[in-house]
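[1] coords please:
(chains A and B)
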Amino acid sequence: MRSEPHLGIVGRAAPRVDALAQATGRVKYLDDLSYSGMLHGKILRSTEAHARIVAVDTSAAKALPGVHGILTGEDLPVAFGLLPVSQDEHALAVDKVRHIGDPIAAVAAEHPDIAQRAMELIEVTYESLPVVTTMTEAVETTEEPIHGDGPRNNRDREISLEFGDVDAGFDIAYHIREDVFFYQGNNHAALEAHGALGVVEDDGRLHVFSSTQVPHYLHRILAKVLEMPESRIRVTATPTGGGFGAKTDVFSHELVAGQMALITGRPVKFVLTREEVFYAHRGRHPVLMWVKTGFTSDGRITAMSFRTFIDGGAYGSYGAASLLYTGQLQTITYRIPAYRFEGVRLFTNKPACGPKRGHGTPQPRFGLEVHLDKAADDLGLDPVTIRKRNLVSPNTVTVNHLRITSCGLTECIDRVVADSGYLDKRRHLPQGHGIGFAIGAYMSGAGLPIYFNDMPQSEVMIKVDRGGGVTVYSMAADCGQGSTTMLATVVGEALGLDPSDLVVITADTDLTPVDLGSYSSRVTFMAGNAALEAALKLTDLVLTAIADELDIDQDAVEIGHGVVVAGDREIPWAEAARIAEARWGLLVTTGTYKPPKDIKGDYRGAGVGPSPAYSYSACVADVKCDPETGHVSVERVWLAHDVGRAINPLLVRGQIEGSVHMALGEVLMEEQTFRGALHSGPSLLDYKIPTVLEMPRVESIIVESIDAEGPFGAKEVGQGPLLPVIPAVVNAVHDALGIRLDAIPLRPDKVLAALDDLERGGPGRYGPTDLPDYTFRSPLRVDPPPEAVTV
Amino acid sequence: MLRLPPLRYEAPSTLEEAVALLAEDGALLAAGGSDLVPNLKRRQYPTARTIVSLRRVADLVGIRVESDGTIRIAALTTLATVVEDSRLPKVLREAAGAVASPQIRNQGTVGGNLCVDTRCDWLNVPDTWRQAAEPCLKAGGEMCWVAPAKKDCWAVSSSDLAPVMVALGAEVQLIGPDGRRSIPIEQLYRNDGMAYLTKTTEEILTEVVIGPHAGLRATYRKLRRRGSIDFPILGVAAAVRLDDADICTEARIVLGAVASAPLRVPTSEEVLVGRTYNAETIAEAAEAARKLARPLNNTDLTSRYRTRMIPVFVRRALEELG
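    Below you'll find the model as predicted:
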């Protein structure tokens, strides 16, 4: 919903409303919560990667003094999963375990040490099954599939789509290029480990606190698995110490905390260890990908074929969506007249992958942007020109039926290229010093809810008390991105109040109306619009009441800073609110948001990718490489991001810098790898994340395209800025050393392998060459929309 | 959060009491605990029963620089203190500053770092992980996962200070049931991942002494993924003495984190001593270091990569001293 900010509240770089509480340690995270009589829970996890559970003997644990509750799979037999199509998990293993770390049993005891001891006393008898750890094995193995016993073997989901005539597009191409890339999986590594606390309240209802990004989905799944009506359950999402997508699924410990509270009658708290966080995972999918693109002689794309193999780990999680995301958003940056996408998600005996910042799109974006860099070389074009010749235009529809509205991509490119001096530096820096460029785009919220329904995706309620105090109610969970501050700012701008003077109640299923959750970068756009609608309704009530009271025309009354301005009179907000309450009764307004229906196509798979608006980014990275050690250091990053409108530029900058840090981790060092089925090192010492010393200066450039449908014109910034950084760094390493790293992270040993290849007279490449032997079914052919571009 | 196993905690006020406590079964020495505590939480010492902390023992903290240049560092002096003491040679301050992170250097001590337990990817993991793999030799199991054909433990010496102290020819003071003794620090270490120190478990390292070292040029280079926090996956300490004609009269080159003990590299030292210190002899000495060490795949990055980095790091260290 568009509305013009005129009070300067939207657009002001102000600290978050919770900044002081965060900085002084007053914020209560899940693990800070404590109840008298509270029990401490532990989960026993599988030491086998794939096994049938023959027996679980809990008798010794039960006999241990201080133990109050023990649960095994048979106590919670209802299968669940976040997506309706992937109901393949149990709170505790039933029949089979599918990866090391799969939950088997849970204990609750008076002291954490007793819980630990009880867990050690549980005897599990396993019958080992064949283990699948690689995608090639998953394709080839036919005995004992990880799920089910049908002909699908270890294939979770497959997609095969063709928009327009791809072969014809290749036929008319002047140049065709093919590449194979690999993007290693990685973990979110949020500093706060997941936790949940179950409490049976005085009225007998179950209250589950959880460090979750999705209280609404947790509410639904608790009701399903615990077999209780939703009305008997309350979920409160506690402030999270980082989410990044890690806390957008529903986990064993949340369901078990609820059930354990019910069976013991006492509060029970579960907090995962870091090792358990790596097993709960839901992080970035490892993706092996192949891309083939046809170009005209001047670099225009005639057709593209993209194929992805994604390693899902042991469960579905969000994987059906993740798979589609590896193929659907290539078209929102480039005009692709004919496009084929084939992808398959495979099960392996490793922790389940899921959504992490950028959900399914950083991997293909890396491949695509490095591929285009190479194609530019082939065609004798510079990397900026080849991209500019193919950019989408605002207010168009893509070949796969995605509606593009506002698009500040050209300005993003121009700004980073100019500020960094990219075109002058490229190929002119000394050996070992390089500069790289790439672009990206992301959604401002998924167009469709996770479960099919016609209800709003965001609902906000505003209430005014007799002192003029304004309380905003929204289920949006602040996962660190600042959504609470966003809500206060949007409502504050509409009402003329300082955001820090508002009360924002969030993420509680008893108190707040539904918001689907903090994922897919949806909160500013969707909850922001709902909040704006509610605030404008409230403004209308107040202005009408004042106009009536003063018997003047409503056009002569407007909102000012803390006042209602009526001609030459200024009525303080609190007084105006009392006049309005006398006129209307209780001042409560509501707003809702549901994306438009016309933003998607009508084909199987069309539900993933549509968004009411897309954000755009461009990045230039300056790197230094040591050709003797293979060490890569990123010296400076320029990142321009089209956020529609910066509701709070300070928070926008924070999201850009945080995205750059996370992207550098993924491109340089972060990887969730395994020795067979064993995690390579489930600790923050062994899992390498850049420290402050590896973090370069970031030039954040905010571009505002003022989206026609976003709240005050705003779009997302939480995820998009991560995307172009990764290929920009890889392209910069090519500029520095003349090598192509087609597999990331850029470990120093891989850099040396590529340099060795160059020395031996090879192409100077490190990366995969082959794809698994897998035949995709023939693609579903979808006609491009009539308005889509043609060559 | 991982929790400590049940333990008795003792903090005696004299070394004699500490020595007596260490004679008990399952006693472990804590000289800061920044490495010991996480290891205990991961259940790496299944027989541990008592922690003997030295924090209350008087006179175990402080640095003395004597008139002849001799440096005496008491064992419980923190790494941060060494970093900040401008009287100390740059190599010592830099090596101490390369250990872990600022917070850990405020807690970790010189004695603790010199005696820090050897590390291995198959060992320094939570016990729940190790149950899935079967425990290795050092965790009380039957085999080494890194070199299954051998009956030895290949856990890695991971001290940053140890190679530097060996290169500087330091001595350490020990106190035990039979009184005090002093040994060259090189003799403190044994290339065995399990019994990596030659001192008995009752013996306490009280002081490290660096004799007069005027004219000795020394440096330390550390390979690790990040600029902070990480343990070394290769350390190179080099100390050389050159005469007026740039002839190398003395050379000590020591590798850290490629074996279970700091490794002297006599092949490289021999190349240098008696010859002019120039690019050619440096390159030759660096190449000679390659043959000695055989790092295995039990710490960060690959053994092949770490082996390849040995001559590079030795050469760069030696170049810095020219």
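
[2] contact residues of the stretch 201-350 of chain A facing chain B?
    A:271, A:273, A:275 (Cβ under 8 Å from any Cβ of the partner chain). C-beta coordinates here come from the backbone N, C-alpha and C atoms, glycine included.

[3] and the stretch 551-700 of chain A, by the same measure?
    Residues of the stretch 551-700 of chain A lying near chain B (Cβ under 8 Å from any Cβ): A:628-630, A:669, A:678-683, A:685-686, A:688, A:690-694.

[4] narrow those residues to those in strands?
    A:678-679 (DSSP state E).

[5] now do the phi/psi pair for the most centrally placed residue in chain A.
    Nearest to the mean C-alpha position of chain A, by Cα atoms, centre = their mean, lies residue A:357 at 3.7 Å. Note on residue A:357: backbone dihedrals following degrees, to the nearest 10 are phi -20, psi 110.

[6] what's the spacing between it and residue A:665?
    11 Å (Cβ to Cβ, to the nearest Å).

[7] state the number of residues packed around residue A:777.
    With neighbours defined by other Cβ atoms under 10 Å in any protein chain shown, the count for residue A:777 comes to 9.

[8] with the one 4 residues further on instead?
    When neighbours are counted by other Cβ under 10 Å, residue A:781 registers 14.

[9] how far away is it from chain B?
    46 Å (Cβ to the nearest Cβ, to the nearest Å).

[10] of the residues of the stretch 201-350 of chain A next to chain B, closest to chain B?
    residue A:275 (4.8 Å; Cβ to the nearest Cβ).

[11] what is the rounded mean pLDDT of the helix or strand harbouring the closest one?
    Assigned by DSSP states H and E, residue A:275 falls within helix A:274-280. The average pLDDT for helix A:274-280 rounds to 98.

[12] following it, which helix or strand shows up next?
    For helix A:274-280, the following helix or strand on the C-terminal side (DSSP H and E) is strand A:287-295.

[13] give the buried residues for that next one.
    Within strand A:287-295, the residues scored as buried using 16 or more other Cβ atoms under 10 Å in any protein chain shown are A:287-295.

[14] and stretch B:88-96, is it in reach of chain A?
    No. Counting by Cβ under 8 Å from any Cβ, chain A is not contacted by stretch B:88-96; separation bottoms out at 15.0 Å.

[15] just how off-centre is that stretch within its chain?
    In this view, stretch B:88-96 has its centroid 14 Å away from the chain centroid, taken as Cα atoms, centre = their mean, to the nearest Å.

[16] buried ones in stretch B:306-315?
    In stretch B:306-315, counting by 16+ other Cβ under 10 Å, buried: B:306-315.

[17] give me the subset of those that also touch chain A.
    Restricting the buried residues of stretch B:306-315 to those near chain A - Cβ under 8 Å from any Cβ - leaves B:308-309, B:312.

[18] quick check, nearest of the residues you listed to residue B:118?
    residue B:309 (20.0 Å; Cβ to Cβ).

[19] let me know the secondary structure of that closest one.
    Of the three states, residue B:309 takes helix under DSSP: H, G, I helix; E, B strand; the rest coil.

[20] for residue B:280, see how far away it is.
    Taking Cβ to Cβ, one finds residue B:309 at 21 Å from residue B:280.

[21] contact partners for the residue in the stretch 101-250 of chain B positioned nearest to chain A?
    Closest contact between the stretch 101-250 of chain B and chain A, by Cβ to the nearest Cβ, is at residue B:227 (3.4 Å). The neighbours of residue B:227, taking Cβ atoms under 8 Å, 6 or more residues apart in numbering or on different chains as the test, are A:691, A:693-694.

[22] repeat for residue A:46
    The contact partners of residue A:46, taken as Cβ under 8 Å, 6+ apart, are A:93, A:97, A:99-104, A:124, A:126, B:132.

[23] hmm, back to that, columns pLDDT on top of the ones next to chain A among the buried residues of stretch B:306-315, output as TSV?
    TSV is the format used below for those (pLDDT from 0 to 100):
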residue	pLDDT
B:308	97
B:309	98
B:312	98
